[in-house]
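Visitor: Fold the following and give me the result.
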Amino acid sequence: MLTAVTLVTCLSVLPLYADDDDTSSDTRALPTLLVMGDSLSAAYGIEEEQGWVALLAQRLEGEAEVVNASISGETTAGGAQRFADILRQRQPDIVLLELGGNDGLRGLPPAQMRANLASMIEQSQQADAEVLLLGIDIPPNYGQAYRDAFTGVFHSLADEYALSLVPFLLEDVALNTQLMQSDGIHPTAEAQPIILDNVWPELEPMLEASHQATR
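Guide: Numbers count the residues shown, from 1 in each chain. Predicted coordinates:
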């Protein structure tokens with residue numbers, strides 16, 4: 001399950017997409033993207049290089065550095081605890097915030113989730129990083145009232161902080177059983193390009209703006 005196993009830690013993922021030993025001026029000038037997520041961004045159940053974050057890094061090779069700090073099983077509370085140190089170390093230009101799914105699956109209060117996400121958003125903005133919020137949904141068996149409160153968090157945060165928003169990261173994936181693993185929660189390798197396509201329309205203009213700012 002999404003809440004169970006940590007397959008990818010921050011330490012194991014960072015070297016795949018960001019080379020700390022590269023001190024060339026060209027590399028330092030590249031925008032840095034930080035992905036703070038859970039198993040949906042940590043390639044749970046598939047090869048790391050098949051995950052949508054790895055595909056993003058391939059797409060942006062030579063144009064941006066992609067740092068994946070996603071951990072399987074992460075909640076917004078766990079992400080918030082790690083976030084300040086990662087933000088200071090990586091100094092990203094863009095933060096892709098993909099957390100909340102595990103809060104929902106555990107039935108945690110949406111207000112608590114909102115406060116944790118808001119903290120990470122505010123820290124990012126104080127550090128002059130743009131934030132792309134990646135929304136998620138939960139199964140209908142949690143009840144419509146809880147589900148509405150849960151998904152409403154992403155929309156209200158996007159409105160309050162003037163953020164770009166991907167309303168549902170797994171659009172065109174979650175309801176297609178052939179694109180989901182046997183647990184019905186995690187997408188397959190074949191689904192990863194679709195997930196990247198869901199993110200790209202919101203991310204691309206942010207990247208263009210970041211490139212212009214660094215020229």
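
Visitor: make it CA atoms for all contacts and neighbour counts henceforth
Guide: Fine.

Visitor: I'd say residue 95 and residue 124 touch.
Guide: Yes - the criterion here is Cα atoms under 8 Å, and residue 95 meets it with residue 124 at 7.2 Å.

Visitor: Quickly list what's touching both of the two.
Guide: Residues touching both residue 95 and residue 124 (Cα atoms under 8 Å, 6 or more residues apart in numbering) are 130, 131.

Visitor: Mind listing the residues bridging to residue 37?
Guide: For residue 37, the beta-bridge partners under DSSP bridges are residue 98.

Visitor: what's near enough to touch it?
Guide: Here residue 37 is in contact with 69, 70, 71, 72, 74, 79, 96, 97, 98, 99 (Cα under 8 Å, 6+ apart).

Visitor: can you map out the strands along this protein?
Guide: Assigned by DSSP state E, the strands in the chain fall at 32-37, 65-68, 94-98, 130-134, 164-166.

Visitor: which regions of this protein lie under the pLDDT threshold?
Guide: Within the chain, the segments meeting pLDDT under 70 span 1-28, 214-215.

Visitor: can you rerun that using 50?
Guide: Per-residue confidence for the chain (pLDDT under 50) gives these ranges: 1-16, 19-27.

Visitor: And the helices in it?
Guide: Under the criterion DSSP state H, the chain carries helices at the ranges 10-17, 25-29, 52-59, 76-90, 101-105, 110-126, 144-161, 192-214.

Visitor: Out of these, which is closest to residue 133?
Guide: Among the helices of the chain, the nearest to residue 133 by Cα to Cα is helix 144-161 (7.2 Å).

Visitor: Just checking the distance from that closest one to the centre of its chain.
Guide: 17 Å (Cα atoms, centre = their mean, to the nearest Å).

Visitor: for stretch 44-62, same thing?
Guide: The answer for stretch 44-62 is 13 Å, by Cα atoms, centre = their mean.

Visitor: Stretch 120-127 too?
Guide: Using Cα atoms, centre = their mean, the offset of stretch 120-127 from its chain centre is 15 Å.

Visitor: what comes up buried for it?
Guide: 120, 121, 123, 124 (16 or more other Cα atoms under 10 Å).
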